[in-house]
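S.K.: how would this look folded up:
(chains A and B)
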Amino acid sequence: MKALSKKNLLILGGLLLLYAAVLGLIITGIINPFYEITLALICINIILAVSLNLVTGFTGQFSLGHAGFMSIGAYTCAIINMQMNSMAGFLIGLFAGAVLAALVGILIGIPTLRLKGDYLAIATLGMAEIIRVIFLNLEITNGAAGLNGIPRFTNWTWLFIFTAASVVLINNFIRSSQGRACISIREDEIAAESMGINTTKYKVMAFAIGAFFAGIAGALYASYFYFIKPGLFGFLKSIDILVIVVLGGMGSITGSVIAATLLALITTFLQSFTEIRMILYAVVLIVIMIFRPKGLMGTTEITDILRFRFGRKEERIQ
Amino acid sequence: MPLLKVEKLTKSFGGLTAVSNVSIEIEKGELVGLIGPNGAGKTTVFNLLTGVYVPSSGSILFEKETPITGQGDSSSEGSAAGEKTVIELAGMKPYNVTKQGLARTFQNIRLFKDLTVLDNVRIAMHHNIHYGMFTSFLRFNKFYSEEKRMLEEAEQLLKIFNLEDKKNELAKNLPYGEQRHLEIARALATKPSLLLLDEPAAGMNPKETAALTELIKWVRKEFDLTILLIEHDMSLVMKICERIYVLDYGMLIASGKPEEIRSNKRVIEAYLGEENSNA
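M.R.: Purely as a prediction, here's the structure:
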């Protein structure tokens, strides 16, 4: 009954409206195939940024290896989908990829999450590189040439479903007792441990959940662009995701969604200035960081703003 | 068996023995003080008891009583309410020690500064929550009922500490004295049977200290607690502690009732120095 509260119905309605509106724009051709690519990138980047935000922004574990998990999802889904060329194959591949990424996340997380700060960043960076090099050398992944002709099952409907689900599920997790446990680790690990929180467990949990959703993002990517190669999932891709998270605000899901959308739009817009594209992109980033050093949203969410605006005293359980 | 029985506890860091051969016994319901000059090893003892450090040798036996106040959740532990088991805390991780019923505050306040007062308390309740990761994701009914229970318990606790109307404020915005109170409230949220207070009156003026003294007394009665207290403020220690242990250079030099400690020659020496040395 509480799952069907007014607020949840409102959110569901809003999501359906957004879905239908964009679908309408695609059908009428206002969003042409070129802009549709931007749309896909926005969705994939939102999933990547929100999942990395759980690890880096909320749990406070600085990770530079998110692209590694993405590549696991991408390759797993691609390989399975190429064997089973059907919608079922796509979904099986997607979930297999996500689960595999989560398992690798646990495996990597247990040893590396003992480290802190810079050391953890370097360790996760190294792990992502190892994953990349493995894909580079395996037979089944076709080495540096990558996989071509992956069946395309990702469309706006799937993109929307998985993006919305990722954001809602991660948001639910953060606003639960487990989520608070994760946040307490970011705030003060020693105090958290003294308050009965198994910090290792929750760090690994956050890491695995982050990896799971990164795997989904990777699978969607592979299925949308029907071509993947190890070079796509290098160090720079991890940095790209981190930039979105930092720009949106470490610890704000709304921020990650806004930043992912904004950066994809800026990139698309800058396509027309080919030569100075990267310079302009950098300038935009620098300007935002100067004026909003904590990111666009800091740690506030859209719900905080709405609550402040309409000043209704509502209970904190949502 | 006393509630806490520390036997020959020793901790050395390299060549330095911070705590050596310390034995402490605390009976259920007692309020015991642990005092000593700066650097005597008091906080190290706390860190050993709570699992932050692993002792070099010695044992820490703790009598765990399955809480009667639990919501019929003891089935998972396999022991009925009120049943007592003796456990070895030495070598246990801090979070596990807390689960057994030891909670602490810190000498330099360690609240979750950027979180609300309410969240500070709710985080401490986390190990008593009965829903898992998937319930968090999908928000089954269990989530709402447990969150409601947690919220009610947290609010009740905050009410006791007069922090209820500040529950949505960030911990860092509270005045110093209230931060100290919140730290105690947070420790109590873990439902301890033994509470360790590390210099709760540090930085407080005499008036605040007096209020704190009353609060500690009251909390102890209300929550049926056993308390071990580190304190520099002698007025507080002498007023409320029933027994006092005195540490110096990592060794126990005296123990007994406040009056005995007050006149103990070795204690006076440790605090004020010997006659021919400067204080």
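
S.K.: quick one: low-confidence ranges for the chain?
M.R.: Unless you meant another one, I'm taking chain A. A:1-4, A:310-318 (pLDDT under 70).

S.K.: I was thinking of chain B, sorry if that wasn't clear
M.R.: Within chain B, the stretches with pLDDT under 70 are B:66-82, B:275-279.

S.K.: quick check: closest non-adjacent residue to the residue most central in space within it.
M.R.: Taking C-alpha atoms, centre = their mean, the centroid of chain B lies closest to B:Leu196, which sits 2.0 Å from it. Excluding its sequence neighbours, the residue lying closest to B:Leu196 (C-beta to C-beta, 6 or more residues apart in numbering or on different chains) is B:Arg104, at 4.1 Å. The C-beta positions use only the backbone N, C-alpha and C, and glycine is treated the same way.

S.K.: which helix or strand contains the residue nearest to the centre of chain B?
M.R.: Here B:Leu196 is covered by strand B:194-198, with elements defined by DSSP states H and E.

S.K.: can you give the distance of that strand from its chain's centre?
M.R.: Centroid separation between strand B:194-198 and its chain, computed with C-alpha atoms, centre = their mean, to the nearest Å, is 2 Å.

S.K.: what do you get for stretch A:275-295?
M.R.: Relative to its chain's centre, stretch A:275-295 lies at 21 Å (C-alpha atoms, centre = their mean).

S.K.: which other residues reach that stretch?
M.R.: A:243, A:246-250, A:252, A:255, A:259, A:266-267, A:270-271, A:273, A:296, A:298 (C-beta atoms under 8 Å, 6 or more residues apart in numbering or on different chains).

S.K.: about what we covered before: contact partners of the strand holding B:Leu196?
M.R.: Residues contacting strand B:194-198 (C-beta under 8 Å, 6+ apart): B:3-4, B:26, B:42-43, B:46, B:49-50, B:62, B:101-107, B:184, B:187-188, B:216, B:219, B:225-231.

S.K.: so B:Ile35 touches B:Asp233, yeah?
M.R.: No. B:Ile35 lies out of contact with B:Asp233 (C-beta atoms under 8 Å); the separation is 9.7 Å.

S.K.: of the two, which one has the most company?
M.R.: Per other C-beta atoms under 10 Å in any protein chain shown, whichever of B:Ile35 and B:Asp233 has more neighbours is B:Ile35, with 25 against 18.

S.K.: any idea what that one is bridged to?
M.R.: Beta-bridge pairing of B:Ile35 under DSSP bridges involves B:Val246.

S.K.: neighbours of residue 104, how many?
M.R.: No chain in the question, so chain A it is. The tally of other residues near A:Val104 (other C-beta under 10 Å) stands at 18.

S.K.: my question was about chain B
M.R.: By other C-beta under 10 Å, 28 other residues sit near B:Arg104.

S.K.: ok, A:Thr76 touching A:Ser223?
M.R.: No. Here A:Thr76 does not reach A:Ser223: they are 11.4 Å apart, not a contact under C-beta under 8 Å.

S.K.: any common contacting residues for these two?
M.R.: A:Gly93.

S.K.: partner residues bridging the residue nearest to the centre of chain B?
M.R.: Taking DSSP bridges as the rule, B:Leu196 bridges to B:Arg104, B:Leu228.

S.K.: and the strands in the chain?
M.R.: No chain in the question, so chain A it is. Ranges of strands in chain A, per DSSP state E, are A:147-148, A:227-228.

S.K.: switch to chain B, please.
M.R.: Under DSSP E, chain B gives strands at B:4-13, B:16-26, B:31-35, B:57-65, B:84-88, B:102-104, B:194-198, B:226-230, B:243-248, B:251-256.

S.K.: what parts of the stretch 101-250 of chain B come near chain A?
M.R.: Residues of the stretch 101-250 of chain B lying close to chain A by C-beta under 8 Å from any C-beta of the partner chain are B:103-104, B:106, B:110-115, B:118-119, B:122-127, B:129, B:131, B:133, B:135-139, B:141, B:143-144, B:146-148, B:150-151, B:168, B:186-187, B:189-190.

S.K.: ok, now with 7 Å
M.R.: B:104, B:110, B:112-115, B:118-119, B:122-124, B:126-127, B:129, B:133, B:136-137, B:139, B:141, B:143-144, B:147-148, B:151, B:186, B:190 (C-beta under 7 Å from any C-beta of the partner chain).

S.K.: if any of these are buried, put those into a ChimeraX selection.
M.R.: Of these, the buried ones can be selected in ChimeraX as follows, counting by 16 or more other C-beta atoms under 10 Å in any protein chain shown:
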select /B:104,110,112,113,115,118,119,122,123,124,126,127,129,136,137,139,143,144,147,151,186,190
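
S.K.: from the residues of the stretch 101-250 of chain B next to chain A, which land in helices?
M.R.: Among these, the members found in helices (DSSP state H) are B:118-119, B:122-124, B:133, B:136-137, B:141, B:143-144, B:147-148, B:151, B:186.

S.K.: report the two of those separated the most.
M.R.: Pairwise distances across those (C-beta to C-beta) peak at 28.0 Å, for the pair B:Asn141 and B:Arg186.

S.K.: isn't B:Leu228 right up against B:Ile35?
M.R.: No. With contact defined as C-beta atoms under 7 Å, B:Leu228 does not reach B:Ile35; the gap is 11.4 Å.

S.K.: go ahead and flag the most central residue of chain A.
M.R.: Compute the mean C-alpha point of chain A, and by C-alpha atoms, centre = their mean the closest residue is A:Leu48, 1.5 Å away.

S.K.: pull the contacting residues for that residue.
M.R.: A:66, A:70, A:214, A:217, A:241 (C-beta atoms under 7 Å, 6 or more residues apart in numbering or on different chains).

S.K.: what is the nearest of those to A:Ala145?
M.R.: Checking the contacts of A:Leu48 against A:Ala145 by C-beta to C-beta gives A:Met70 as the nearest, at 19.2 Å.

S.K.: in contact with that closest one, which residues are there?
M.R.: By C-beta under 7 Å, 6+ apart, the contact list for A:Met70 reads A:48, A:214, A:217-218, A:233.

S.K.: buried stuff in stretch A:176-193?
M.R.: Using 16+ other C-beta under 10 Å as the test for burial, stretch A:176-193 gives A:176-188, A:191-193.

S.K.: quick check: residues of chain A near chain B?
M.R.: Close to chain B, as judged by C-beta under 7 Å from any C-beta, chain A has residues A:2-3, A:169, A:172-173, A:176-181, A:183-184, A:187-188, A:190-191, A:193-198, A:205, A:316-317.

S.K.: number of residues surrounding B:Leu197?
M.R.: Other residues close to B:Leu197 by other C-beta under 10 Å number 27.

S.K.: and it, how far is that from B:Tyr271?
M.R.: Distance, B:Leu197 to B:Tyr271, using C-beta to C-beta, to the nearest Å: 21 Å.

S.K.: again with A:Tyr281
M.R.: With C-beta to C-beta as the criterion, A:Tyr281 and B:Tyr271 are 65 Å apart.

S.K.: again, but for A:Ala282
M.R.: Taking C-beta to C-beta, one finds A:Ala282 at 62 Å from B:Tyr271.

S.K.: likewise for B:Phe143?
M.R.: Taking C-beta to C-beta, one finds B:Phe143 at 54 Å from B:Tyr271.

S.K.: now A:Leu280
M.R.: Plainly put, A:Leu280 is 68 Å away from B:Tyr271 if you go by C-beta to C-beta.

S.K.: just A:Ile266 next, same as before
M.R.: The gap separating A:Ile266 from B:Tyr271 is 67 Å, by C-beta to C-beta.

S.K.: equivalent analysis for A:Leu16, please.
M.R.: 73 Å.

S.K.: more neighbours, the two?
M.R.: Set A:Leu16 next to B:Tyr271 and count neighbours by other C-beta under 10 Å: B:Tyr271 wins out with 15 against 12.

S.K.: isn't the more buried one up against B:Gly36?
M.R.: No. When contacts are counted by C-beta under 7 Å, B:Tyr271 is not listed as touching B:Gly36 (8.5 Å).
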